[in-house]
Structure formats: C-alpha cells, structure tokens
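**Student:** could you work out the structure for the sequence below:
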Amino acid sequence: MPEVEAARSQNENRTLAMRGRVIGGSLFVFALFVRIIYLVQLRASPLFDSPIMDPLYHHEWAMKLAGGDWLGHAAFFRAPLYPYLLGLLYALFGQSFLIPRLLQFVMGAASCVLVWKIGSRIFNPQVGVISGLVACLYGPSIYFEGELLLEPFATLLSLSSVLLLIDRRYLWAGIVLGLSAITRPNVLLFAALVPLLAYFFESSRVAKRRTPAWHMLLPWVGVVLIVAPVTIRNWVLSKDLVLVAWQGGVNFHIGNNPRSDCMTAVVPGTSASWWGGYYDTIRIAETETGRRLKPSEVSDFWFGKSLDFIRKDPILWLKLMLKKTWLFWQGWEISNNQDIYYFSSKYSHLLGMLIWGRGIGFPFGLVSPLALCGLIVALGEWRRHAFTIGFILLYAFSFILFFVCSRFRMPVIPLLIIYAAFFCTWLWERRHERVLLLWVPGLLLLALLLNWNFAHHHGTDYANSDYIVGSGCMKKGRYAEALEYLQKAVEENPKLAEAYLNIGNIHVRLGQDEKAFDAYRSAVRSDARFGRAYFNTGSLHLKRREYEEAVKSYLDAIRLEPTYEPSYRHASLAYAGMGDTDRAAAMSRLADEIHRRELSALQPY
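**Tutor:** Residues are numbered from 1 along each chain as shown. All right, here's what the predicted structure looks like:
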C-alpha cells in the first residue's frame, strides 16, 4: 500500500507540474502576443526611433558604451545596469530601436508569469491566474515596455527577488536585489530590511524544518556582491564614495522644496532640458559653496537645502508628503517624459482601450482601491505576507520621499494586482454574507477618493504633446507634418516658446527666412528669457551677413544663457565679419574657457 500511495502522489505531482507549465506558457504567449500587436502599432510614432528626455539619455549612454567606452570616466550620476544592457544590445545588433523593445516585451511577458506564480504561492491558483491575466493586459506596463526606460527590467528583477524570497532562496534573492539596486537604487531600503522580514516570514511557517537564522543574512551578502564592484569603480574614477549613483540629492530636492508640485522632475531655478538641468544643478551647487565639488558633495548640497527647508517649515513639508502619498495611490497616470494618455490613444488602438482617463483613471483607478482593501484583509496573516507587503510599502515610501510619477510605481503594480485579485475573490466568496455591507461602501468611497482630481493635476497636455510629435517629425525631415503639429501646439498654448523656435528652424531649412524671423520673434514674445530664440535669430542674421544685428542677438543670448558655448563662437564670427578682430578674439577665448570648464565638469557617466 505505501508503494501505491507513493505512485499516486508522484502522478499527482506530475499532473500539477504539467498544469503549471501549461498555465505559465499560455500566460507568456498571450502576454507577448498582446505586446507584439502594440509594437506593430507603435512603429507609426515619429518618436519610435527619435527618443527624447530619459530615453534619449539612455540611448546616448548606450551608444557610448557600444563604441567601446565600457569603464567611463566618473562616478555614475544614474544607476548603470539598464544603459549597460542597452549598450550590449547595440554592440551585438547595432543601433536598433526594435531589438531593445522586443527584449523588454519579453521581460514584460515573463513578469506576467511571475505574477501568476507569486499569486498562487501567497494565495491560491485562482488568484494567481486572475492576477496573471490582468497583468497581461495592464496598459501602463505595456506602454513603458515600449520605451527605452528601465521600468520593465526593474519590474522583472523586483518580482524575481520577491519570488526567490518566498521560496527561501535567500542568497539568490540578494543577488537579484543587488542587480535591482544598480538598476534603481531605492530598492536598497527594502533590501536593508529583508533579514527582519525573513524573520517574520519564517515565524509564520508551520513546517518542522526551519531556516537557520544566519541564512536570513544571505540577502545582504548577495546585494554586496553586486553593488560593491560599482562602488569600487566609482571610487577609482572619482576618488569619491558613491555607492551606486549620485542623483539622490537632486531628486530629493525636486520633491522637497517650497516650490515643489511633487510631480515635475525639475529643480527650481534650473533649465527644463535634460542636459541644461544637469549642468545647472552642478553650477548652482558650486557657485553657492564657492568651490569645485565632488559628485557626492553635489548630492549632499541638494540634500542639505531640502533638510534646511524641512527644518524651517515642517508643516509645509508634511503637506507635501501627504500630497505625494495620495499621488502615488491615486488612479491617474502622471507623465514624466511624454503624456501617456495622448501617445497611448494616438498611436495604438489597443492601448487606447487599455489606458484611459474618462471619469476614472483606468486601470490603476480600479486596481489601487481593490489592492488597498486586499492588503487590509491580508494583514490578518501579515507574517505570511511579510515579503510582498513589505516590498509594496517600502518601495512606495522610497519614492514618496522624493517625487512621484507613474513609471516610478511600476515595480509594485504587479503585486498590487495580486492583492486586488485576491480581494475580488474574497468578496465573491462572501457575496451572501453581511460583511459586504461594510466592505462595498468602503471600497466605493476609497475608489472615489483615489479617482477625484482635487489636485487638478490630471488632463492631457495636448500642446506639449503636439510639440513633441512635431519635433520628432522635424528630425525626420517631414516638415509639412511637423509644421502642422507645431502650429497646433502654439494655438493650444501661445506661451510655448520651444514650439515657435522649431517652427522658425523649419522655415530656415526651407529657405523662408522672413517666416523664420517671425517665428523667433514669437518665441521671444512668449518667453523673453528664452536665450535660444535670440541665438537662432543671431544665426539667421549671420547667415545673411547682417553682422551688427547678429552681434546684438548673440549678446542677448549670452546674457540669458552665459554658459552656452555656441553663442560665443558665433558672436566671434559676427565680430570678425564687422572687422572687429579684438572682440572676435575675446569671444573666442571665452568660448574656449567655457569648453574647458564643461570638459572638466562632473560627467553623468
């Protein structure tokens, strides 16, 4: 009889294993199929191979790596793992905007399988399958997987580490957490508390075999094995102790200053452009301290300014923290590089159905209240959920400390989907019980709160979105289409100086100088401090050999942007055209000085 029971048990295990492979494989194929449909539609976007802002930064860094500069020259400004992965793809396949997206969609599909596995582990197979299917169709995840951003990679690593922790494979979990830390360092807050969470998790188990206490420290070993080489590399190149990257102080100040709106990723008083903002944060820090600063010292400077603000006005800071907490959990998608609602609906019918903001912020406006209720119910067995609940709360807090946008919350979304699915099944099982009289009104009230736009931050930014699309068309030489979008942008927002600037640039390329002058004048009228409009006006005068007018425009540009080297170079040419060789030489020397200063400035990688 024991042999019969053993054979029966083996057959059941094989059946369960086969069923698991079928479910996991089906989820992966379905998720990938949905993402390939989106990829086909996404290729119509002019930004598919013309990235902007953070995607452009990752692309430029990856191109530098693929060119052979794998070590770099300074401490990392941003965590390096994603750009290095992108650089490896470029080195293997050339400059491709398709291959990275394909890989990221595979990562997204794999994450859906992990959602199913985690849901099945901490609840039951039903919750696992439901949450896996929801993850397959979760629109914002698909959207970010189609951008040159680290979110799909960070999400896959986060889910992998949580699953390894649940399976008590602590060393491997630490190694994956280390990889996650050099992708997005804020996960170190969770990693720091993993041994404590492991203690709670182990105490919830009824199995006779317990993990030795020292095993609970293995995640730290794994993290150190991965992070230490990055820290050593930063020290060797900068003689400065930078654990992973030195962006932390700048980001902390963005969300913790009296002018913060908790969402906009710009330090007050700095340029809104990526590189302009980067150099401005260094320039301001060095100007106020009166000396050259190491990377960690620039970060410390901005941390210090924020701490001064917190000490002087703790009430305002607490209000900012409460607002950021609400923004993290509310249903609307807060865009960071480009408007999610605009680009989702414009270039993909599929994503237009999976992301929308009519009445509620779909889908997170549904997932968030359901997940929060699920978390409350699960707290009854909180030790068994130590890793999942711990990751959700610590990861969320690590970003609420800084500033909030949609893509930052992506690594916790899959776990929230699991708790939302759990709460739905929990309610269904109790559909005939009086407990619904308490939970349903509470759920509806929470959903109303999280989808109420009382901060007035939600609304598609059509003007800026049309400007971005128009600029992308301009890069591709599609001037008629670009002008159409840019004209729409200035009609929607007559103060959008950058759009007027590109309208002028297109007219210059078409040989329509008078129209270009009109556009540049419009740019100046919309923003009298927009130095680049003066520079482009000067260049148009220089092209027409109107040297005195060119000099006047260049001097205005220098007054407004004193660190912009081309203004000095072109002013030198204009003075030379006037026959004023002394001033031409002086401008050339100033240009050389600014160039040397930029070369010696802190580099972002």
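
**Student:** low pLDDT regions in the stretch 251-400 of the chain?
**Tutor:** Along the stretch 251-400 of the chain, no part satisfies pLDDT under 70.

**Student:** apply 90 and report the result again.
**Tutor:** 261-280, 282-283, 286-287, 292, 332, 334-347, 356-361, 380 (pLDDT under 90).

**Student:** and the closest residue to Ser344 other than its chain neighbours, what does it touch?
**Tutor:** Spatial nearest neighbour of Ser344, excluding adjacent residues (C-beta to C-beta, 6 or more residues apart in numbering): Leu351 at 4.1 Å. To be clear about C-beta, it is placed using only N, CA and C from the backbone, and glycine gets the same treatment. Taking C-beta atoms under 8 Å, 6 or more residues apart in numbering as the contact definition, Leu351 lies against 38, 41, 139, 142-143, 344-345.

**Student:** can you tell me the element Leu351 falls in?
**Tutor:** helix 349-354 (DSSP states H and E).

**Student:** helices and strands around whichever helix or strand comes after that helix, which ones?
**Tutor:** Per DSSP H and E, the first helix or strand lying C-terminal to helix 349-354 is helix 364-378. Applying 3 or more C-beta pairs under 8 Å, 6 or more residues apart in numbering; DSSP states H and E, one finds that helix 364-378 makes contact with helix 386-400, helix 413-429, helix 436-450.

**Student:** repeat that with 10 Å
**Tutor:** Judged by 3 or more C-beta pairs under 10 Å, 6 or more residues apart in numbering; DSSP states H and E, helix 364-378 is in contact with helix 125-136, helix 139-145, helix 314-329, helix 386-400, helix 413-429, helix 436-450.

**Student:** only alpha carbons, please: show the shortest one as CSV.
**Tutor:** As requested, the backbone C-alpha atoms of helix 139-145 are provided in CSV (Å, rounded to 0.1, in the frame of the first residue of the first chain):
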residue,chain,number,x,y,z
GLY,A,139,-1.9,49.0,-20.2
PRO,A,140,0.7,51.2,-18.4
SER,A,141,3.1,48.2,-18.2
ILE,A,142,2.8,47.6,-21.9
TYR,A,143,3.3,51.3,-22.6
PHE,A,144,6.5,51.6,-20.5
GLU,A,145,7.8,48.3,-22.0
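
**Student:** return the distance of that helix from the chain's centre.
**Tutor:** Its chain's C-alpha centre and that of helix 139-145 lie 12 Å apart, by C-alpha atoms, centre = their mean, to the nearest Å.

**Student:** which strands or helices does that helix pack on?
**Tutor:** Packing partners of helix 139-145 (3+ C-beta pairs under 10 Å, 6+ apart): helix 2-42, helix 99-122, helix 151-166, helix 340-347, helix 349-354, helix 364-378, helix 413-429.

**Student:** one more time with 7 Å, if that's ok
**Tutor:** helix 2-42, helix 99-122, helix 151-166, helix 340-347, helix 349-354 (3 or more C-beta pairs under 7 Å, 6 or more residues apart in numbering; DSSP states H and E).

**Student:** who touches it?
**Tutor:** For helix 139-145, contacts defined as C-beta atoms under 7 Å, 6 or more residues apart in numbering pick out 34-35, 38, 104-105, 107-108, 135, 151-152, 333, 340, 344, 351, 354-355, 363-364, 406-407, 410, 413.

**Student:** cool, the first one as well?
**Tutor:** For helix 125-136, the surrounding residues in contact (C-beta under 7 Å, 6+ apart) are 23, 27, 30-31, 34, 111-113, 115-117, 119-120, 141, 414, 417-418, 421-422, 425.

**Student:** rerun that using 8 Å as the cut-off
**Tutor:** Contact with helix 125-136 is made by 23, 27, 30-31, 34, 109, 111-113, 115-121, 141, 367, 414, 417-418, 420-422, 424-425, as judged by C-beta under 8 Å, 6+ apart.

**Student:** drop anything exposed from these.
**Tutor:** 23, 27, 30-31, 34, 109, 111-113, 115-121, 141, 367, 414, 417-418, 420-422, 424-425 (16 or more other C-beta atoms under 10 Å).

**Student:** phi and psi next, for Pro604.
**Tutor:** phi -80, psi -10 (degrees, to the nearest 10).

**Student:** ok, it touching Phe77?
**Tutor:** Yes: between Pro604 and Phe77 there is a contact under C-beta atoms under 8 Å: 3.9 Å.

**Student:** mutual contacts of those two, please.
**Tutor:** With C-beta under 8 Å, 6+ apart as the test, Pro604 and Phe77 both reach Tyr278.

**Student:** ok so, going back, kindly reformat the helices and strands packed on helix 364-378 as TSV containing distance to Glu492.
**Tutor:** TSV is the format used below for these (distance: least, C-beta to C-beta, whole Å):
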stretch	distance to Glu492
helix 125-136	35
helix 139-145	23
helix 314-329	25
helix 386-400	31
helix 413-429	31
helix 436-450	29
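
**Student:** quick check: which of these is nearest to Ile182?
**Tutor:** With respect to Ile182, and counting by C-beta to C-beta, the nearest of those is helix 386-400 at 15.4 Å.

**Student:** got the contact list for that closest one?
**Tutor:** Residues contacting helix 386-400 (C-beta under 8 Å, 6+ apart): 118, 122, 158, 162, 165-166, 186-187, 189-190, 193-194, 197-198, 200-201, 204, 321, 324-325, 328-329, 375, 378-379, 382, 408-409, 411-412, 415-416, 418-419.
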